[in-house]
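A.B. asks: Here is a sequence with its predicted model. Questions after.
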Amino acid sequence: MTVIDLGVVGAVPGKKAAPRPRRFLVLGRLIAVACLLTVTASAPPRPGPFTALWSIPLSDGLDQVQTAEDAIHVLRHGPPNQLITYSLRTGAIRSTITVPDEARIISETAGDVVLIALGATSPPSFGRETVAVDTATGRQLWRLPGAVTGFSDGLVLLSEWGPNARTVRTLRVVGLRDGAQAWSRSAPYGWVSTETDRGRVITVGSDGHAEVRALADGRLVAQAALPWTGTSRINARDGILVVENYDDLRQQNKVTVFDLATMRPQWAAVALGNGGIVDCGPVLCGYDGTGVSGWDRATGIQRWYQARTNVIYPLDGGRVGTSVGELGTDELVVLSAESGAVVSRTPRAKMVPSHGSATVYVLATTVTPFAQTAVWRLDQHTGGSTLLGLIGQLMDYSCDSRAELLICATADARLVTLAYAG
């Protein structure tokens, strides 16, 4: 396995490790240690904070990479199409599985099982079929009609779309490993959603009639008539169902919240813009085109508003990360979820998605040296950032994070796993 030089310059010593990553692209060239890092007025970093554990070449624009708990899955489009599974820390190949020619994207991973969408994957069809493979044994477990809509407790929910690709005609719940059907229902559903933490399936018909069913056996839990149009959206989380109806003429988004257990309406609010609603712990956050607001979960009262911010990153410790700028890369602003007060600001920065990492990583483009990328560690409780080091230029801040590691795609089309050695 080839290891490439990432051109890492160094880091300012940190006091603890606690970041979160995502996918990035770096240049494999050394940068002069004497260069002054001008993201902030911090002291020049010391060399050698990151170690490249392993790397592999990628087929530019063709390979899909999916990180898992202790593995990295690469769906390589051939011919033949192959799913290659690597050890997260060592890069050792665990299995190479030939998958159907129709394989498009990795839908989900659950332990050693990888679910792959077959056929068209453009919304709203999301694939005509799903195939499940066991990366530990290299076997195909099952292949069934429908696209993965959710999974929990060893069960997978498959939605089979109708010929018009506008409604779901069949719901099917099957075993993750054996594909055995637990239950199914046929109806023209306009929307299907899941709340996997509570094992619920939410369906909405074209007339707005909503049903909440148990994922395990299909038992009807609650039902209600929702305020529904052809463009309505729903989002189920933490015991509530959020229904959004955007009025394009007035440029207003009406948000209605229901108790998922009873389907009784709790409150409604109107916001400008059409940015969607995100669960931010003590509040529901929403982007209205001009800034981010926080609504009280129980009453819907707007607690705060922060202008010019857009992308929303819920954090631990009662914090919310938001971004400034059209692409969300001008500045990272950490807010108090309770009050909306600004806790910290990091210029030219973007947060890295974290999966199973206690660490939250932040990537920031530098001015000097030009267009390199600084890696910061974000303290979720204080909002403070600690500079870890400089790793070179990235494309689209493309990184992921697992088990405190950074997994990134480099500018010369390599996938690299990085460990912080500070």
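C.D. replies: Structure's in. What do you need?
A.B. asks: who touches the nearest residue in space to residue 82 that is not next to it in sequence in this structure?
C.D. replies: Among residues not flanking residue 82 along the chain, residue 76 sits closest, at 4.8 Å (Cβ to Cβ, 6 or more residues apart in numbering). Placement of C-beta: from N, CA and C, glycine included. With contacts defined as Cβ atoms under 8 Å, 6 or more residues apart in numbering, the neighbours of residue 76 are 59, 62-63, 82-84.
A.B. asks: mind redoing it with 10 Å?
C.D. replies: Each residue near residue 76 by Cβ atoms under 10 Å, 6 or more residues apart in numbering is listed here: 58-59, 62-65, 82-84, 96, 99, 103.
A.B. asks: Could you dump these into TSV with pLDDT added?
C.D. replies: What follows is those, written out as TSV (pLDDT from 0 to 100):
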residue	pLDDT
58	85
59	82
62	77
63	88
64	91
65	92
82	95
83	97
84	96
96	96
99	96
103	93
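A.B. asks: Just the closest of those residues to residue 257, please.
C.D. replies: Closest approach between the contacts of residue 76 and residue 257, by Cβ to Cβ: residue 64, at 35.1 Å.
A.B. asks: Enumerate the beta-bridge partners assigned to the closest one.
C.D. replies: Beta-bridge partners recorded for residue 64 (DSSP bridges): residue 75.
A.B. asks: isn't it right up against residue 73?
C.D. replies: Yes. Residue 64 lies in contact with residue 73 (Cβ atoms under 10 Å); the separation is 8.4 Å.
A.B. asks: okay, the two: which has more neighbours?
C.D. replies: Between residue 64 and residue 73, counted using other Cβ atoms under 10 Å, the more crowded position is residue 73 (22 against 16).
A.B. asks: Give me the number of neighbouring residues for residue 387.
C.D. replies: Counted with other Cβ under 10 Å, residue 387 comes out at 24.
A.B. asks: My guess is it contacts residue 376. True?
C.D. replies: Yes. Using Cβ under 10 Å, residue 387 is in contact with residue 376, at 5.6 Å.
A.B. asks: So residue 166 lies in a strand, does it not?
C.D. replies: No. Counting by DSSP: H, G, I helix; E, B strand; the rest coil, residue 166 is not part of a strand but coil.
A.B. asks: By average pLDDT, which secondary structure element in this structure comes out worst?
C.D. replies: Every helix and strand in the chain was compared by mean pLDDT, DSSP states H and E; the lowest is strand 22-23, with a mean of 30.
A.B. asks: Give the partner strands of the helix or strand following it in its sheet and their orientations.
C.D. replies: For strand 22-23, the following helix or strand on the C-terminal side (DSSP states H and E) is strand 50-57. Here strand 50-57 has these sheet partners by DSSP bridges: strand 414-420 (antiparallel).
A.B. asks: CA atoms only: put the partner strand into CSV for me.
C.D. replies: Taking C-alpha atoms only, strand 414-420 is exported to CSV below (Å, rounded to 0.1, in the frame of the first residue of the first chain):
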residue,chain,number,x,y,z
ARG,A,414,-5.8,9.7,-3.8
LEU,A,415,-7.8,8.7,-0.8
VAL,A,416,-5.7,9.3,2.4
THR,A,417,-6.3,8.4,6.0
LEU,A,418,-4.7,10.9,8.5
ALA,A,419,-3.9,10.6,12.2
TYR,A,420,-3.1,13.6,14.4
